[in-house]
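K.L.:
Next input, structure requested:
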Amino acid sequence: MKTQTAMRETTGVDELLTVGQVAQTFGVTVRTLHHYDEVGLLSPSERSRAGYRLYTPDDLERLATIVTYRRLDLPLDEVAALLRGDGSTLEHLRRQRDAVMDKVEELHGLIDAIDRALEREMNEQPATREDLKEIFGDGFKDEYQDEAQERWGETDAWKQSARRTKNYTVADWEKVKTESAAVNDAFVAALRAGLPATSPEAMDAAEEHRVQIDTWFYDCTHDFQRNLADMYVADPRFTKTYEDIAPGLAVYVREAIHANADRHA
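P.N.:
Numbers count the residues shown, from 1 in each chain. Below is the predicted model:
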């Protein structure tokens, strides 16, 4: 169906159109026009000499208004009620605008509801490797993951971690990232404050580090955490990860973890 503007542009001021011409020109079916006539919504105002019923420009203006309201899914009885109001074009346009704005608000509400449903659905799905790359950025590399599985895939810790994480959602991994960042921030704060790795603040950060691993991945005892800490210094890639955060952090984390393990021995 064409809009009111299109109808005005297509129809000359003095042009009279038959039912068939209106249907062909404006994309309204003959059956629909006949129905509008039968229910008293829109009737052709003129007749030709041969007796054909003809639509005037005013009729077409009314049709344009009806089409607008119908595009908003208003039932015919509501359309008729609107048309029975103030017959001025200005008032009709105002009512049409109000109806459109109501529909826009309804659609915005529907979009918000769909977005919430999509978010719930996505958050309930296990995260993919692409999701992890997006979450962790350069901190997630496929080759590191493959190498880690090759090196530790048969260990109990790896198997336990695989069982736990296989169904982690994007929201879960976001929490892991946030908690990891908080632990690193605690280490950095202690380091930059000039506190020794044996300070309560540094050891508390080390304990938070252990608890996070124990919570999200696998059972992490203090002795097992010692081995991780040694690897942070022995493996250049782990060392670089910490050094990129703050110079000297890798060794500081190792010493804090060992001190915390001694504290709990």
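K.L.:
Quick check: next helix or strand after the worst-scoring helix or strand of the chain on mean pLDDT?
P.N.:
Ranked by mean pLDDT, DSSP states H and E, the helix or strand of the chain with the weakest confidence is helix 4-10, at a mean of 45. Sequence order places strand 17-18 as the next helix or strand after helix 4-10, per DSSP states H and E.
K.L.:
what's the closest non-adjacent residue to Lys103?
P.N.:
Leu72 (5.1 Å; Cβ to Cβ, 6 or more residues apart in numbering). From N, CA and C alone the C-beta is placed, and that goes for glycine too.
K.L.:
How many residues are close by that neighbour?
P.N.:
Counted by other Cβ atoms under 10 Å, the residues lying close to Leu72 total 16.
K.L.:
contacting residues for it?
P.N.:
Taking Cβ atoms under 8 Å, 6 or more residues apart in numbering, we find Leu72 in contact with 99-100, 103.
K.L.:
Helices along the stretch 151-265 of the chain, start to end?
P.N.:
Here the stretch 151-265 of the chain has its helices, by DSSP state H, counting those that start in this stretch, at 156-165, 170-192, 200-216, 222-234, 236-245, 249-263.
K.L.:
How far does the first one sit from its chain's centre?
P.N.:
On the basis of Cα atoms, centre = their mean, to the nearest Å, helix 156-165 is displaced by 31 Å from the centre of the chain it belongs to.
K.L.:
That helix to helix 200-216, inter-axis angle?
P.N.:
Put simply, helix 156-165 runs at 70 degrees to helix 200-216, going by axes from the mean of the first three to the mean of the last three Cα atoms, to 10 degrees.
K.L.:
helices or strands next to helix 156-165 in the packing?
P.N.:
With contacts defined as 3 or more Cβ pairs under 8 Å, 6 or more residues apart in numbering; DSSP states H and E, helix 156-165 has these neighbours: helix 142-152.
K.L.:
which phi and psi does the residue lying farthest from the centre of the chain have?
P.N.:
When distances to the mean C-alpha position of the chain are computed (Cα atoms, centre = their mean), the maximum falls on Arg49, with 62.0 Å. In terms of degrees, to the nearest 10, the main-chain angles of Arg49 are phi -60, psi -30.
K.L.:
Need the pLDDT of it.
P.N.:
pLDDT recorded at Arg49 is 86.
K.L.:
That one and Val22: what is the separation?
P.N.:
For Arg49, the distance to Val22 equals 19 Å [Cβ to Cβ, to the nearest Å].
K.L.:
before we move on, what about Ala234?
P.N.:
85 Å.
K.L.:
The helix or strand harbouring Glu61 - contacts with which helices or strands?
P.N.:
Assigned by DSSP H and E, Glu61 falls within helix 57-71. Contacts defined by 3+ Cβ pairs under 8 Å, 6+ apart place helix 57-71 against helix 4-10, helix 19-26, helix 76-83, helix 89-123.
K.L.:
then it to PDB, C-alphas only?
P.N.:
Only the C-alpha atoms of helix 57-71 are listed here, as PDB (Å, rounded to 0.1, in the frame of the first residue of the first chain):
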ATOM      1  CA  PRO A  57      -9.500  13.500  -4.400                       C
ATOM      2  CA  ASP A  58     -11.200  13.900  -1.000                       C
ATOM      3  CA  ASP A  59     -12.100  10.200  -1.100                       C
ATOM      4  CA  LEU A  60      -8.500   9.400  -1.700                       C
ATOM      5  CA  GLU A  61      -7.400  11.500   1.200                       C
ATOM      6  CA  ARG A  62      -9.800   9.500   3.400                       C
ATOM      7  CA  LEU A  63      -8.400   6.300   1.900                       C
ATOM      8  CA  ALA A  64      -4.900   7.400   2.700                       C
ATOM      9  CA  THR A  65      -5.900   8.000   6.400                       C
ATOM     10  CA  ILE A  66      -7.600   4.500   6.500                       C
ATOM     11  CA  VAL A  67      -4.500   2.900   5.000                       C
ATOM     12  CA  THR A  68      -2.200   4.600   7.600                       C
ATOM     13  CA  TYR A  69      -4.400   3.400  10.500                       C
ATOM     14  CA  ARG A  70      -4.600  -0.100   9.100                       C
ATOM     15  CA  ARG A  71      -0.800  -0.300   8.700                       C
END
